[in-house]
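J.: Requesting a structural model of the entry that follows:
(chains A and B)
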Amino acid sequence: MNKKKFLILFLLLIIWQMLSVFTFLPGNKIPSPLQIFFAVYDLFTEGLPPGKPLLMHCFYSLLRVICGFSLAVILAVPSGILIGRSKQLREILSPVIETIRPIPPLAWIPLAILWFGIGIKSASFIIFLGSFFPILLSTVSGVLSVDVILIDAARTLGGKEKDILIKILIPGATPAIYTGLRIGMGIGWMTLVAAEFTGVRSGFGLGYMIMAARDIQRPDLVIAGMVTIGLIGYVLDLLLRLMESRSLRWR
Amino acid sequence: MSLELKKLSKIFYEEKGRGVVKALQDISLSVDDGQFVSVIGPSGCGKTTMLRIISGLESPTSGELLINGERPEEPWKQVGFVFQEYALFPWRTVCQNIEFGLEIKNIPGKEKRQRALEYINRFGMKGFEDKFPNEISGGMKQRVAIARTLVNNPSIVLMDEPFGALDSHTRSHLQKFILHVWQQSKKTVVFVTHNIDEAVFLSQKVICLSARPGRVKLTFPVKLPYPRDVTEDEFNRYRREIIEFLSAEMLSEPDSAIEVEPAG
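T.: Numbers count the residues shown, from 1 in each chain, chains lettered A, B, ... in the order given. I've put the predicted structure just below:
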């Protein structure tokens, strides 16, 4: 099965390359796969702008994501558990949450720049906003999905509210929390690159790099940057899935 | 420990709207120390609600619950509960499930493990201690649930149709098993079932509840020596008496239904 998947990908790339070679595709707008491959190589060795290699861009982007995402996890998981546990909290907070949630994280960029200036703080803030709500909502629904009979069982075995929280609700909500983490990470990563389009001072970051490639009219470098974003996003999700299957052996 | 209910009633008020459900009405009954009592009645007659009140999960609307003649402050210290759906914690292994109550009492790891393993061995689950609930059979799940309750050393054990979800072979096996455990431990048992044969096979006293709202219709002492033989004439005489009584009951209340099924 795996081999088949790669075969189809490979075939598509060959067709694309052919179309480029026989000039069915305009080379200055749509580069060929080989051109993109060499563009990635150039980005690795020389960098864009020259002297700023791809790995450094990745590093800075990842740093921003990790800051924003961690903050989102630290705040969203505990609040999700509390909100899931308390019906009153749910009723009070749901209008607030449901109003803020549909605002796209990118719409916060101007405000983020006003508050935090241009730099890691405002980029991380945007990621935080992108990741926070999926994690929060998944955690809430995870807590709500815990079978009431398990809470009763814990009570009859002497469990107090604290035990129910730690020994029942948290492990019971963990599968849903992982789903939230994966969605949150995905949205956070997508948001980041867009955030870097507008506000980066250090001159590093994949979004920044792509904009630099556009400025010098190099679609091959732009696509090389996009492919990198896709691959890193894939690896991040893979890592979370690995953690998930490790900690959810009981399923 | 002995258990007494005095004119216990429970009314559920539905949250939205004006709906009111009368689950139990003036239930009075007593269970002696070390006695095995079964409660039978049609589905929806409030048997489960009664157990939930005894265990402290639910409070009565009126009436009194006495354990050893006193109103219990924290019933779970004396009362254990075995649920129909096993209610095992799916993320905990067999051993960790059994250890749950001990963990809450902060019993140190080594002793905790040892006490859980003792039950695992006694209940014939050796080799399964590190399995998760979704890896074991229904019969074993219920044995884990029973062990998890007993390891806490309750004086009164409540069982809510514990064998209802099991096939008849496993069921009859577990019936003998639970009798064996009871005879060894001398605990007070309140066993809810809708199966008359099971009630006669297991208990010293059978209490019949009416359809909702549940009221005590009949208290029926079963004076047969253990182990009981389900094919014996005496056994059948008890069955017949209860069935006849309940049939008469059902005629007056057409909604109720009692399951009759061989115990073996």
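J.: Point out the residues in the stretch 101-250 of chain A that sit beside chain B.
T.: Counting by CB under 8 Å from any CB of the partner chain, the residues of the stretch 101-250 of chain A close to chain B are A:147, A:149-150, A:152-160, A:163, A:167-168, A:171-172, A:174, A:248-250. C-beta here means a position set from N, CA and C on the backbone, and glycine is covered the same way.
J.: and with 6 Å instead?
T.: A:149-150, A:152-153, A:156-159, A:163, A:171, A:250 (CB under 6 Å from any CB of the partner chain).
J.: which stretch of helix or strand covers the closest residue in space to residue A:218 that isn't next to it in sequence?
T.: The shortest distance from residue A:218 to any non-neighbouring residue, by CB to CB, 6 or more residues apart in numbering or on different chains, is to residue A:39 (7.4 Å). Here residue A:39 sits within helix A:33-45, counting by DSSP states H and E.
J.: What ranges does the stretch 101-250 of chain A have for its helices?
T.: Ranges of helices within the stretch 101-250 of chain A are A:109-116, A:120-144, A:148-156, A:161-163, A:170-198, A:206-215, A:219-247, based on DSSP state H, counting those that start in this stretch.
J.: which parts of chain B sit against chain A?
T.: B:55, B:57, B:76, B:81, B:85, B:87, B:90-91, B:100-101, B:104, B:132.
J.: Of those, keep whichever come out buried.
T.: Buried positions within these, assessed by neighbour count (16 or more other CB atoms under 10 Å in any protein chain shown), are B:55, B:57, B:76, B:81, B:85, B:87, B:91, B:100-101, B:104, B:132.
J.: out of these, which are inside strands?
T.: residue B:81 (DSSP state E).
J.: With pLDDT added, can I get the buried ones among the residues of chain B next to chain A in CSV?
T.: Shown next, in CSV, are these (pLDDT from 0 to 100):
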residue, pLDDT
B:55, 93
B:57, 92
B:76, 79
B:81, 96
B:85, 88
B:87, 94
B:91, 95
B:100, 96
B:101, 95
B:104, 94
B:132, 95
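J.: what bits of chain B have low per-residue confidence?
T.: Applying pLDDT under 70 to chain B flags the ranges B:16-18, B:250-264.
J.: follow-up on the earlier one: drop anything exposed from the residues of the stretch 101-250 of chain A next to chain B.
T.: Counted by 16+ other CB under 10 Å, these give A:150, A:152-153, A:156-159, A:163, A:171, A:250 as buried.
J.: Which of the residues of chain B next to chain A fall in helices?
T.: B:55, B:100-101, B:104 (DSSP state H).
J.: Assumed residue A:27 was part of a helix.
T.: No. Applying DSSP: H, G, I helix; E, B strand; the rest coil, one finds residue A:27 to be coil, outside a helix.
J.: separation between it and chain B?
T.: As judged by CB to the nearest CB, to the nearest Å, residue A:27 and chain B stand 56 Å apart.
J.: what number of residues lie near the closest residue to that residue other than its chain neighbours?
T.: In this structure, residue A:27 finds its nearest non-sequential neighbour in residue A:20, 6.6 Å apart by CB to CB, 6+ apart. Look at residue A:20: counted by other CB atoms under 10 Å in any protein chain shown, it has 18 neighbours.
J.: low-scoring stretches of chain A, by residue?
T.: A:1, A:199-201.
J.: Give me the nearest residue to the residue lying farthest from the centre of it, chain neighbours excluded.
T.: Distance from the centre of chain A peaks at residue A:156, with 41.6 Å (CA atoms, centre = their mean). When the adjacent residues along the chain are set aside, residue A:156 lies closest to residue B:81, with 3.9 Å between them (CB to CB, 6+ apart).
J.: hang on, residue A:24 is in a strand, isn't it?
T.: No. Residue A:24: not assigned to a strand; according to three-state DSSP it is coil.
J.: Please tell me how far it sits from residue A:35.
T.: 15 Å (CB to CB, to the nearest Å).
J.: the more surrounded of the two?
T.: residue A:35 (19 against 9).
J.: does that one really touch residue A:220, like I thought?
T.: Yes. Here residue A:35 reaches residue A:220: they are 4.6 Å apart, a contact under CB atoms under 6 Å.
J.: ok so, going back, ok, then the element right after the helix holding residue A:39?
T.: Following helix A:33-45 in sequence, per DSSP H and E, is helix A:54-85.
J.: In that next one, which residues are buried?
T.: Neighbour-count burial for helix A:54-85 [16+ other CB under 10 Å]: A:54, A:56-58, A:60-62, A:64-65, A:67-69, A:71-73, A:76-77, A:79-85.
J.: Report all helices and strands that that helix contacts.
T.: helix A:120-144, helix A:170-198, helix A:206-215 (3 or more CB pairs under 6 Å, 6 or more residues apart in numbering or on different chains; DSSP states H and E).
J.: let's go with 10 Å and repeat that
T.: If you count contacts as 3 or more CB pairs under 10 Å, 6 or more residues apart in numbering or on different chains; DSSP states H and E, helix A:54-85 packs onto helix A:33-45, helix A:87-100, helix A:120-144, helix A:170-198, helix A:206-215, helix A:219-247.
J.: Now do the third one: which elements does it pack against?
T.: If I follow you right, that is helix A:120-144. helix A:54-85, helix A:87-100, helix A:109-116, helix A:170-198.
J.: Rebuild those as a markdown table, extending it with distance to residue A:15.
T.: Shown next, in a markdown table, are the helices and strands packed on helix A:120-144 (distance: least, CB to CB, whole Å):
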| stretch | distance to residue A:15 |
| --- | --- |
| helix A:54-85 | 27 |
| helix A:87-100 | 45 |
| helix A:109-116 | 38 |
| helix A:170-198 | 28 |
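J.: show me what contacts the closest residue to residue A:163 other than its chain neighbours?
T.: In this structure, residue A:163 finds its nearest non-sequential neighbour in residue B:104, 5.5 Å apart by CB to CB, 6+ apart. By CB atoms under 10 Å, 6 or more residues apart in numbering or on different chains, the residues touching residue B:104 are A:154, A:157-160, A:162-163, A:167, B:76, B:152.
J.: can you rerun that using 7 Å?
T.: A:157-159, A:163 (CB atoms under 7 Å, 6 or more residues apart in numbering or on different chains).
J.: For the host helix or strand of the residue nearest to residue A:27, which outside residues touch it?
T.: Assigned by DSSP H and E, residue A:20 belongs to helix A:2-21. The contact list for helix A:2-21, computed with CB under 7 Å, 6+ apart, reads A:25, A:27, A:32-34.
J.: do that again at 10 Å, thanks
T.: A:24-27, A:30-37.
J.: quick one, which of the helices and strands packed on helix A:54-85 is packed in tightest?
T.: Across these, the average number of neighbours (mean count of other CB atoms under 10 Å in any protein chain shown) peaks for helix A:120-144, which reaches a mean of 24.
J.: thinking again about what came up before, ok, the residue nearest to residue A:218 touching residue A:209?
T.: No. If you go by CB atoms under 10 Å, residue A:39 and residue A:209 don't touch, sitting 11.3 Å apart.
J.: Tell me the residues that contact both of the two, please.
T.: A:48, A:221-222, A:224-225.
J.: Taking the residues you listed, tell me the two that lie furthest apart.
T.: The span of those, defined through CB to CB, is set by A:48 and A:222 at 10.2 Å.
J.: which residues are common contacts for the two?
T.: In contact with both residue A:48 and residue A:222: A:39, A:209-210, A:212-213, A:216, using CB under 10 Å, 6+ apart.
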